[in-house]
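> Structure of the sequence below:
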Amino acid sequence: MEGVRMELRMNKRGHIPTIMLFFGALILVIVTLFSFTNVKNELGGESEDFNILVQEIDFKKKYISAVFEKIVEEAVESTDKLKFEESFSVTFEKISDRRDPKDGSFGNFFGRIRNEKYTINKENGIYTLTIEDVFVSSNVEKNEMKRTFPLSIRFNKEGLIQRN
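Below is the predicted model:
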């Protein structure tokens, strides 16, 4: 076996495609990470706008509920107890008009009172005042949200019985 000589040669051309595959995968990973960070930032802005809308709507609804309660409470206290049924609505509307900012920032709440779009029912000396289809809305850039809800409160000639 002295005369047989074995030569082992490596194919050096196989390293070039392997190196190119490594750099190609590295580029794909970098592009993917870059696109994830950009999409996340863009969605974050829209999410923030939506969050602001929801917070404004929630605030306006709570504000209107509190104002409604205070107006009814003040109207009950200010109304003549001997002519309660006849004078409550007038007193209620006057107090509402006094508290109305008149800029429409709180939806149609004050307008529904002003236009007498509410009902007062009496049962066993307990009055229920209901205003249907009250809405509040909010705008942030191109986004707009509107929420419609009813308001209802129970009271008698002495004061509030059941709040919203």
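
> so what's the most centrally placed residue in the chain closest to, chain neighbours aside?
Against the mean C-alpha coordinate of the chain, by CA atoms, centre = their mean, the closest residue is V54 at 1.7 Å. In space, and not counting its chain neighbours, V54 is closest to M145: 7.2 Å by CB to CB, 6 or more residues apart in numbering. For glycine as for every other residue, the C-beta is placed from the backbone atoms N, C-alpha and C.

> Same check on E73?
Residue nearest to E73 in three dimensions, not counting chain neighbours: L160, with 5.5 Å by CB to CB, 6+ apart.

> Is there a neighbour count for the one you found? I'd like the number.
Using other CB atoms under 10 Å, L160 is surrounded by 14 other residues.

> now S105
11.

> cool, and the one 10 residues further on?
A count of nearby residues for N115, using other CB under 10 Å, gives 10.

> Show me what the helix or strand containing L21 is packed against.
L21 is part of helix 15-78, with elements assigned from DSSP states H and E. Judged by 3 or more CB pairs under 8 Å, 6 or more residues apart in numbering; DSSP states H and E, helix 15-78 is in contact with helix 84-99, helix 109-114, strand 126-140, strand 143-155, strand 160-162.

> swap the cut-off to 6 Å and go again
With contacts defined as 3 or more CB pairs under 6 Å, 6 or more residues apart in numbering; DSSP states H and E, the packing partners of helix 15-78 are helix 84-99, strand 126-140, strand 143-155.

> any chance of these in a markdown table, with mean pLDDT, distance to E69 and mean neighbour count too?
Listed next are these as a markdown table, based on pLDDT from 0 to 100; distance: least, CB to CB, whole Å; neighbours: other CB atoms under 10 Å:
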| stretch | mean pLDDT | distance to E69 | mean neighbour count |
| --- | --- | --- | --- |
| helix 84-99 | 93 | 12 | 16 |
| strand 126-140 | 93 | 10 | 17 |
| strand 143-155 | 93 | 6 | 15 |
